[in-house]
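Engineer: Could you work out the structure for the sequence below:
(one chain, ligands or ions: 1)
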Amino acid sequence: MFSPVFRGAFIASARPSISILSQLRHQSRKMTSATPNEWTNSPAEFDFRSDTVTTPSSSMLAALTTASLGDDVYNESLTTNALEARLAKMFGKPSALFVLSGTMGNQLCLRALLQQPPYSILCDSRSHIYLDEAGATSLISQATLTPVVPANGLYLTLEDVKKHVIISDDIHYAPTKVISLENTIWGVIHPIEEIRRISEFAHEHGIKVHLDGARLWNACSVTETPTLEDYSELVDTVTVCVSKSLGAPVGSFVFGDEKIVKKMNHIKKLLGGGIRQAGILTAMADVAVTEVFKKGRLSEANYYAKMVEKAWKGVGGETTLPVDTNAVWVDLEKRGVPESVWQKVGDEMGVKLGGVRIMTHYQNSVRAIEKLEEVMQEACRRADAGEGRHEVETLEKSYLSKQ
Ligand SMILES: Cc1ncc(COP(=O)(O)O)c(C=O)c1O
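Structural biologist: Here you go, the predicted structure:
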């Protein structure tokens with residue numbers, strides 16, 4: 001039997017397409033809370049800290065055995081070349097390049113889009129390039145960042161951009177030369193119409209646009225359109241990750257025109273990012289795209305996220321952002337649950353939590369969500385009884401415990 005949360009989640013589900021919804025219904029009939037998935041004994045099933053915790057599937061591992069073993073620095077990795085060409089087509093861009101990480105992808109794009117300081121990059125104040133890349137943008141591109149808090153609390157609009165963009169030759173300023181967007185942004189979909197408005201404005205003023213699409217797949221997992229191509233045609237460069245949500249162990253791709261991708265490849269090598277037998281990584285990336293994204297499996301993650309939201313609301317909780325895709329931001333403070341209690345209960349019950357952000361992925365399971373629901377109930381019970389009330393929360397900043 002399914003818990004009330006699981007049954008209810010069908011009703012409140014995140015707009016998956018009809019066929020995926022019926023597949024999920026079919027699957028749910030087969031799955032019981034005791035049914036293991038492919039990843040039983042994998043650390044990912046009960047891990048809600050991030051969608052990067054997924055482990056390679058058996059078909060990813062099987063793909064290693066047929067991967068090309070040519071040297072990618074010499075451009076002889078056939079598996080890599082073929083996947084880059086296919087993905088470039090899928091994203092509607094002339095060229096694609098496999099890189100080691102999303103951070104490397106973003107930094108290559110920004111460095112390649114920029115020329116000679118002084119200049120600045122306008123971005124959302126929550127963006128990964130600003131908060132979570134160890135200051136790499138300042139080091140690698142020598143750029144000043146202009147972090148902007150979106151007025152609607154969700155995503156940047158043209159109005160936000162116009163308020164903060166620096167279009168000036170006044171020598172006091174570092175003019176905006178790149179606008180860097182992120183989609184999804186903290187799990188929320190940046191609507192394509194808003195990206196179009198910002199992009200048109202930017203291009204009219206000679207400003208380039210980068211899209212950190214680490215989770216662009218997720219933005220495209222809810223409805224059939226807009227597609228990956230629809231989003232990427234609006235911007236100059238794009239980064240996407242295959243190691244988030246899709247389940248590959250390593251890697252990202254960057255896209256742009258041939259000239260810029262050639263430049264990125266050069267900087268990639270400069271940064272020590274040349275990969276020799278890259279085929280063993282791109283073979284797994286290929287399976288990730290084909291078997292996880294193309295088969296619609298991200299809908300499962302979206303679906304689990306809706307279940308999590310429902311469970312949290314069931315204990316009187318609220319979320320701080322809408323649950324568009326696979327991130328659920330629980331307002332622990334409002335519910336009166338100290339983060340120390342939250343983490344402790346999770347640890348005790350074998351559920352890995354990353355503070356107020358719960359991220360789901362296709363390797364979670366119904367039984368894992370049920371377990372998380374129990375964690376919520378127990379954490380609230382203890383908090384209501386006063387546990388942790390007078391503790392001073394640690395000020396140490398931790399990536400997997402976002403505030
Ligand atoms: C939006 C976004 N961009 C970029 C990255 C960087 O990816 P990586 O960890 O592969 O460097 C992340 C990582 O979680 C991310 O969430």
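Engineer: First-to-last residue distance for stretch 170-184?
Structural biologist: 34 Å (C-alpha to C-alpha, to the nearest Å).
Engineer: How about the contacts made by the closest residue to the ligand within the chain?
Structural biologist: The minimum distance from the chain to the ligand, using C-beta to the nearest ligand atom, falls at G102 (2.4 Å). All C-beta atoms are positioned from the backbone trio N, CA, C, and that covers glycine. For G102, the contacting residues are H128, D212, A214, T239, C241, S243, K244, S252, by C-beta atoms under 8 Å, 6 or more residues apart in numbering.
Engineer: any residue of stretch 140-149 up close to the ligand?
Structural biologist: No: judged by C-beta under 6 Å from any ligand atom, stretch 140-149 stays clear of the ligand, getting no closer than 13.3 Å.
Engineer: ok, now stretch 209-217?
Structural biologist: Yes: using C-beta under 6 Å from any ligand atom, stretch 209-217 reaches the ligand at D212, A214.
Engineer: for the protein, what's the longest helix?
Structural biologist: helix 366-384 (DSSP state H).
Engineer: and it, what's its mean pLDDT?
Structural biologist: Mean pLDDT, computed over helix 366-384, is 97.
Engineer: where in the protein is pLDDT low?
Structural biologist: For the chain, the stretches with pLDDT under 70 are 1-41, 391-403.
Engineer: all strands of it, in order?
Structural biologist: With strands called from DSSP state E, the chain shows them at 95-99, 120-124, 144-148, 176-182, 208-212, 237-241, 252-256, 327-329, 357-359.
Engineer: Between the two ends of stretch 325-337, what distance do you get?
Structural biologist: Length of stretch 325-337, first residue to last, C-alpha to C-alpha: 24 Å.
Engineer: Quick check: buried residues in it?
Structural biologist: Residues T325, N326, A327, V328, W329, V330, L332, R335, V337 are the ones in stretch 325-337 that count as buried (16 or more other C-beta atoms under 10 Å).
Engineer: Columns distance to L372 on top of those residues, output as a markdown table?
Structural biologist: Below are the buried residues of stretch 325-337 laid out as a markdown table (distance: C-beta to C-beta, whole Å):
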| residue | distance to L372 |
| --- | --- |
| T325 | 17 |
| N326 | 14 |
| A327 | 14 |
| V328 | 10 |
| W329 | 15 |
| V330 | 11 |
| L332 | 14 |
| R335 | 15 |
| V337 | 14 |
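Engineer: what subset of the residues you listed is also close to the ligand?
Structural biologist: Applying C-beta under 6 Å from any ligand atom to the buried residues of stretch 325-337, none is adjacent to the ligand.
Engineer: mind checking how far the residue of the chain closest to the ligand is from Y119?
Structural biologist: 23 Å (C-beta to C-beta, to the nearest Å).
Engineer: can you count the residues close to the closest residue to G274 other than its chain neighbours?
Structural biologist: Nearest residue to G274 in three dimensions, chain neighbours excluded: V73, at 4.3 Å (C-beta to C-beta, 6 or more residues apart in numbering). When neighbours are counted by other C-beta atoms under 10 Å, V73 registers 16.
Engineer: need the contact list for V73.
Structural biologist: V73 makes contacts with K269, G274, I275, R276, as judged by C-beta under 8 Å, 6+ apart.
Engineer: which residue packs closest to the last one, ignoring adjacent ones?
Structural biologist: Read that as R276. R276's closest residue in space is D71 (C-beta to C-beta, 6+ apart), at 5.1 Å.
Engineer: Could you give the number of residues near that neighbour?
Structural biologist: Neighbours around D71, by other C-beta under 10 Å: 16.
Engineer: Nothing else from me, thank you.
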